[in-house]
Structure formats: C-alpha cells, structure tokens
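Student: Prediction below, plus the sequence it came from.
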Amino acid sequence: MTNNTTSNDDLLANILKGIEDVKGEDIDILDLREIDNTVCDYFVICNGNSNTQVNAITNSIQKAVSKELKEKPWHVEGTENGEWVLMDYVNVVVHVFQKHIREYYNIENLWGDAKITSIQSKY
C-alpha cells in the first residue's frame, strides 16, 4: 500500500514507465482533484490488445512502482480475465483495458469534468 512519503508525481511517473515498458496504448491521466467527492486524485487509463498484454501491463506497473518506490497497490482486481484490470494505489487508480472494453465503458466520458492529459507513446 502506498504511504504518505510517495508523491503523486513519482507514482504517476513510475506507472507510466510500467505502461510504456510493455507498449500499453492510448494513455490518459484524469486529474480528479478539482471534482467533489472523488475517491482518488488521479485515474490513469490505458489499453492493451489482448488479455495477455493487459496482464503484462499490470505486472509491469507493479514491478516499476515496487522497484523504484517500494510500494504495492492496495488492491488489484480483474487479472483473472484480463479485460479490465483495476489497480488501486489509494491516490492513483489505474485502469488497464482491452480496447473494446474501454470503448464500451468510456470512463473518460463518465468523468467529463476531469482535466485529461493524453500521453504520447514513445514508440
């Protein structure tokens, strides 16, 4: 579980590194801090092309955050089917989708008041 000594910026940077290390696609960061009654400060959303890649992204994020920050997610769910994995780092919640599932749930639209930052892939 994340502790108070880890900054959101450090956590976000390591989450992004984990995503990019296994070529996660369409990375968006939703800043929820200005929205009342949210459960966290940020959502990080990305997608992979298969359940194997979704789980690889999830594992890569966990390794990157653990290696650099010595932190573990408070909760992870969805790895069984690899269509939508949610990783809860308390202040940052990561959603790793298969593309068609992401399009169906359209979380970015549900949180339309959030400031969205799209990250350009380095590959």
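Tutor: Arrived safely. Residues are numbered from 1 along each chain as shown.

Student: Show me what counts as buried in the worst-scoring helix or strand of the chain on mean pLDDT.
Tutor: Between all helices and strands in the chain, the lowest mean by mean pLDDT, DSSP states H and E belongs to helix 107-110, at a mean of 93. Judged by neighbour count using 16 or more other CB atoms under 10 Å, the buried positions of helix 107-110 are residue 108. The C-beta positions use only the backbone N, C-alpha and C, and glycine is treated the same way.

Student: Could you export that helix as PDB, CA atoms only?
Tutor: C-alpha atoms of helix 107-110 as PDB (Å, rounded to 0.1, in the frame of the first residue of the first chain):
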ATOM      1  CA  ILE A 107     -14.700   6.200 -18.400                       C
ATOM      2  CA  GLU A 108     -13.300   9.400 -19.800                       C
ATOM      3  CA  ASN A 109     -16.800  10.500 -20.700                       C
ATOM      4  CA  LEU A 110     -18.200   9.500 -17.300                       C
END
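
Student: Which stretches in the chain count as helices?
Tutor: Along the chain, the stretches classed as helices by DSSP state H are 8-21, 51-69, 99-105, 107-110.

Student: Flag whichever of the ones you listed has the least confidence on average.
Tutor: For the helices of the chain, mean pLDDT drops lowest on helix 107-110, to a mean of 93.
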